[in-house]
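1. Sequence and predicted structure are below.
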Amino acid sequence: MISLINLRGIRSAVTPAVLMLCLGAGNAPAQNTTAPPVDAERSKQEKIYQARGELRLEGYVIDRSMSAYVRALPAGFAQALANLGPEERWLDIGAGQGMAILDYYSPEYDPRQAGRRERQIKKGRAVAMSIEDRRTPRWQQTAETLEPKQLQYVFGKPLREYSTEELGHFQLITDVIGGFSYTENLSLFMEKVLSLLTVNGTFYTVSQDVRNEAGSNKPHYAGEPFLSQIRNATGNDIGICAWLKQISCVEVSCDYKGDWIPPLETYRIRKTCNNVAVPPLKIEHYVAGTPPERVFLLANPAPAPAAKP
Ligand SMILES: C[S@@+](CC[C@H](N)C(=O)[O-])C[C@H]1O[C@@H](n2cnc3c(N)ncnc32)[C@H](O)[C@@H]1O
């Protein structure tokens, strides 16, 4: 039963003013504390992805607009979009209905308002990615007004299963409560994102309810853990930001938005060179949800070679 798997689907009442800041309605605490096998949770998660109509969980939000993206993502996202040349490319991972991309192509969306000085002749190219096909009639209508290569929707598998040959390279990649929040293999996910980014390209993303960079926050739901954790060898949650900062060939900035419900941490990750190495993570705990609850273990660093006598 779908309702049984939505362990994070009931949220406490919030005022309308607070609701405006909400990213999703589904992040209420999970009730089970023992980790069920990942396989069982994977199939529950698949049902969440595929649910349609009334069966779609309220917390599984698939239609965030461009303005919601601009509010949620780190400062600089709108400018990066405005700077995108006609041959340059934007990938939105976990795009749902692809509303933000559709808003980008609407004639009313003027990237110059985001700071572009010269007149934009033509907007960049965009690819929306989703596990399940959530396209609406508006997608088709927009596609008909654009050149074939300008707008693409890819679906049917998670990011990690795409090759660079299939997708090509991108100057800009975003993820608003998509694969970054849902994947059970975060290190492989980041490796893939960084292999798709051009040098100087930027990945903008967010996490809900995680230990912030300063370590100054508490889990949003009393008595519950943070939604995504990265534990080191001593079992301490180092937070997503600290792990991202261990990746080579990237410049990372993390910002905490404590006035969101649940609070958000945002990440701006610029690729600076091609020798990317992502510290590997192992999934330790995964409970299906919107988004799922995840604990990753940071693998021990390889032992230093023994000194020669
Ligand atoms: C909650 S919806 C968010 C949709 C959209 N970003 C929005 O804000 O409206 C989650 C999206 O992430 C996608 N997704 C989850 N895991 C993914 C993965 N590993 N790779 C690609 N897409 C993924 C789902 O298929 C879905 O399109």
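-> Thanks, I have the structure now. Nothing here was measured: the structure is a model prediction, and the numbers come from that model.

2. where along the stretch 201-309 of the chain do the strands fall?
-> Per DSSP state E, counting those that start in this stretch, the stretch 201-309 of the chain carries strands over the ranges 228-231, 250-257, 264-271, 281-287, 293-298.

3. Output those strands as CSV; include the columns distance to the ligand, mean pLDDT and mean neighbour count.
-> C-betas here are computed from N, CA, C, even on glycine. Shown next, in CSV, are the strands of the stretch 201-309 of the chain (distance: least, CB to the nearest ligand atom, whole Å; pLDDT from 0 to 100; neighbours: other CB atoms under 10 Å):
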stretch, distance to the ligand, mean pLDDT, mean neighbour count
strand 228-231, 13, 98, 22
strand 250-257, 16, 98, 17
strand 264-271, 13, 98, 22
strand 281-287, 12, 96, 19
strand 293-298, 12, 97, 22
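
4. Out of those strands, which gets nearest to residue 97?
-> strand 264-271 (21.2 Å; CB to CB).

5. which strands and helices sit next to that closest one?
-> Judged by 3 or more CB pairs under 8 Å, 6 or more residues apart in numbering; DSSP states H and E, strand 264-271 is in contact with helix 186-196, strand 197-208, helix 240-244, strand 250-257.

6. and if we set it to 6 Å?
-> strand 197-208, strand 250-257 (3 or more CB pairs under 6 Å, 6 or more residues apart in numbering; DSSP states H and E).

7. Output the strands of the stretch 201-309 of the chain as CSV; include the columns distance to residue 183.
-> Below are those laid out as CSV (distance: least, CB to CB, whole Å):
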stretch, distance to residue 183
strand 228-231, 10
strand 250-257, 18
strand 264-271, 15
strand 281-287, 9
strand 293-298, 8
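
8. Quick one, which of those gets closest to residue 70.
-> Going by CB to CB, the one of the strands of the stretch 201-309 of the chain nearest residue 70 is strand 264-271, 11.7 Å.

9. Show me what the closest one pairs with in its sheet, parallel or antiparallel.
-> strand 197-208 (antiparallel), strand 250-257 (antiparallel) (DSSP bridges).

10. What are the buried residues along the first one?
-> Going by neighbour count (16 or more other CB atoms under 10 Å), the buried part of strand 197-208 is 197, 201-208.

11. Of those residues, which pair is most distant in space?
-> 201 and 208 (24.6 Å).

12. Give me every residue in the stretch 51-200 of the chain lying close to the ligand.
-> Within reach of the ligand by CB under 6 Å from any ligand atom, the stretch 51-200 of the chain has these residues: 60-64, 93-96, 129-132, 158-159, 176-179, 182-183.
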